[in-house]
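Chemist: generate a structure from the sequence data that follows.
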Amino acid sequence: MNSQFANPHSEHMAALREILGDRGILSGIGAESYEEGARFDKGKAAFVLRPGSTEELSKAVSYCVRNAIHIVPQAGNTGVVSASTPDASGNQVLLSVDRLNKTIELDADNRSVRVSAGVLLSDLNKALEPDGLFFPIDLGSDPRIGGMLATNTGGARFLKYGDVRRNVLGLTVVLADTEGTVLEFGRGLRKDNTGMDWKHIFIGTCGFFGIVTECVLNVERLPQETATALLVPAGSQKVMPLLRVIEDRFGADLTAFEGMSRNSISAALEHVPSLRNPFPRGEVPDYVVLLELSRSRLPREGNETLDSELASALEDIWGLDEPLLADAFIGSSKEMWALRHAISEGVKNTGMLVAFDLCFKRGDVMAFCDRIKGDLVGRFPDVGSYEFGHVGDGGIHFNLVAKRDSDTARDPQFERSLREWVYDIAVNEFGGSFSAEHGIGRKNQAFYDKYTPTAIRDMAKRLKEITSPGGLGAVRLG
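Modeler: Predicted coordinates:
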C-alpha cells in the first residue's frame, strides 16, 4: 500500500500543500524540532504548517477551521510552559510563523518599525542598530517577535522600557474562523481614542483569540552611556529601601534592578566556566543586585559621567544612618550581564528543576522569598532555592531544584505538590501572579482554572466564540 494513503491526514496535507507549497508543510522527521519545547515538553503533531505570508496563513487557517482541525500557533518555540507545542494525540496541527520573517520596515520619524511575526529579536535589533535604535525588551533567549507578543514578554529592563504591550502600536491578526479573517488594529499611532483598542486582547493571551502575523513596534534610541554595579544589600529587608534610594537619585536613568541569590550565582559560575567570579576571594554573598543606569544621549562637556555619578551615589548611601549596603562593585556591563544571563542555564543543570515565574507588589518580593525558604527545609529537605530576576518590578524567577537521584526527585507527585504549595502562598497569601511573563500553557492550565474567577473565564469563552470559534491554541482561557 502506498504510505501516503496510510497516513490519516494525507488528504488534508495534500490540500494544504496546494495552498502553501512544498516548503509550507512538514511531517515525520521534519516536524520533530517543532514538537519539542525549550523545557523538554513534547507532543505529536499531525503535521506542521509554515505559511510564507499573511495571505497564505489566512487560507490555511480557513481550511483547518472548515475541516475541524485544531491549530496550535508557534513562534520561536522558546517558551517554557507548553503553550506552543502540540498535545500527544497526533491530531493537532502546528502552525509555525518562522517563515514570516521578511518584513522589517523602519519609520525613523515615527520611531517605529513594522515587523513580521517570525523575525528573531536579534535580527530585528541588528537591522535597527545602524540607525541608533533598538527594540528594548532584553531577554536571555532569542525569541521570535510573534511569541513575544503572545506572552507579553517583560525582560530585564522593564523598569525603564516596560513590557511588550507598552511598545506595540499596531497588529495584523488572523482569526480562526471559516474565512480566516484578517484584521488590522492600530496604524502606528501613539494616540487613538476612536473606540476599543482591540489589539490588546491578542497580546499576552498565547494565541487563544487569534494569530499575530505582523506588528508595528515602538523602538528606542540605543543607550550612549551606561553604568553597571553589583550591590550587596545589608539583608533581604534592605532591598526595597535601597531601590527607593536609587530611584530617588537617578529617576528615568535607572534601567535595571535585578536580584540574584547566592545559589543562583553559584550555579551559573559552576556550569559556565567562561564566567569570571567578581567577588573578593570568590565568596558569593547571600544576595546580590545587578544595577544598571543608562542614557540615550552622549555625555555633555563638563558633566559627570554615569560611572562617576553612580560612585558618588554609592558613597552617599554608605553614609546613611540606615545601613543599606554591605558591599558594592562598579564594573564591566558585559561581564555583569553575562553572569545574570547565565543563571538559567546554570540552574537547569543542578538537578530536577521546577521553575516558577511569579510577580508581587514590589514590597512583597523579598518577604515571599524568605517565607518559602524558611519553610522549605521542613517540607522538602532535598530541595534548594535558586531565585533571581526582576525584583525592581516585582518579578521573580523562583526556581526550586531537587537533588539528583533523591527520593524527592523520583516522586511522580513531587512537582504537582510543590507547585500547589508555592502557588497557594503566592496567590492567596501574597496576592501575587503565578505567571508574571511566561504566559499560560498546558503546564499551568490547572492553576489558571483554579485561580481565575468563573466570571472572567466565561467572558474569555464568549470572546473566543466571537473572534476565533475554531480550535486554536494549546491553552484554554475560558
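Chemist: which residues in the stretch 251-400 of the chain form strands?
Modeler: Secondary structure of the stretch 251-400 of the chain (DSSP state E, counting those that start in this stretch): strands at 254-261, 287-295, 325-331, 352-359, 383-389, 395-402.
Chemist: including mean pLDDT and mean neighbour count, could these go into a markdown table?
Modeler: Placement of C-beta: from N, CA and C, glycine included. As requested, those are arranged in a markdown table below (pLDDT from 0 to 100; neighbours: other CB atoms under 10 Å):
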| stretch | mean pLDDT | mean neighbour count |
| --- | --- | --- |
| strand 254-261 | 97 | 25 |
| strand 287-295 | 97 | 24 |
| strand 325-331 | 94 | 16 |
| strand 352-359 | 94 | 20 |
| strand 383-389 | 95 | 23 |
| strand 395-402 | 95 | 24 |
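Chemist: which of those sits closest to residue 471?
Modeler: Residue 471 lies closest to strand 352-359 among those, at 26.8 Å (CB to CB).
Chemist: restricting to C-alpha, output the closest one in PDB.
Modeler: C-alpha atoms of strand 352-359 as PDB (Å, rounded to 0.1, in the frame of the first residue of the first chain):
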ATOM      1  CA  MET A 352      15.400  18.400  38.800                       C
ATOM      2  CA  LEU A 353      14.200  21.900  38.200                       C
ATOM      3  CA  VAL A 354      10.700  23.200  39.000                       C
ATOM      4  CA  ALA A 355      10.600  26.800  37.700                       C
ATOM      5  CA  PHE A 356       8.200  29.400  39.000                       C
ATOM      6  CA  ASP A 357       7.600  32.800  37.200                       C
ATOM      7  CA  LEU A 358       6.000  35.000  39.800                       C
ATOM      8  CA  CYS A 359       5.100  38.600  40.400                       C
END
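Chemist: elements contacting it?
Modeler: Strand 352-359 is packed against strand 395-402, helix 414-423, with contacts defined by 3 or more CB pairs under 8 Å, 6 or more residues apart in numbering; DSSP states H and E.
Chemist: repeat that with 10 Å
Modeler: On a contact count with 3 or more CB pairs under 10 Å, 6 or more residues apart in numbering; DSSP states H and E, strand 352-359 meets helix 343-348, helix 365-379, strand 383-389, strand 395-402, helix 407-410, helix 414-423.
Chemist: worst mean pLDDT among those?
Modeler: Comparing mean pLDDT across these, the weakest is helix 407-410, with a mean of 87.
Chemist: circling back to that earlier point, so which of the strands of the stretch 251-400 of the chain comes closest to residue 430?
Modeler: Across those, residue 430 has its closest neighbour in strand 352-359 (8.8 Å, CB to CB).
Chemist: got the angle for the closest one vs strand 383-389?
Modeler: For strand 352-359 against strand 383-389, the angle by axes from the mean of the first three to the mean of the last three CA atoms, to 10 degrees is 40 degrees.
Chemist: so how far is strand 352-359 from its chain's centroid?
Modeler: Relative to the chain's own centre, strand 352-359 is displaced by 13 Å; criterion: CA atoms, centre = their mean, to the nearest Å.
Chemist: next one: stretch 79-86
Modeler: 12 Å.
Chemist: now do it, average pLDDT.
Modeler: Mean predicted lDDT for stretch 79-86 stands at 89.
Chemist: ok so, going back, can you add distance to residue 49 and give the strands of the stretch 251-400 of the chain back as JSON lines?
Modeler: Formatted as JSON lines, these follow (distance: least, CB to CB, whole Å):
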{"stretch": "strand 254-261", "distance to residue 49": "38"}
{"stretch": "strand 287-295", "distance to residue 49": "41"}
{"stretch": "strand 325-331", "distance to residue 49": "48"}
{"stretch": "strand 352-359", "distance to residue 49": "29"}
{"stretch": "strand 383-389", "distance to residue 49": "35"}
{"stretch": "strand 395-402", "distance to residue 49": "33"}
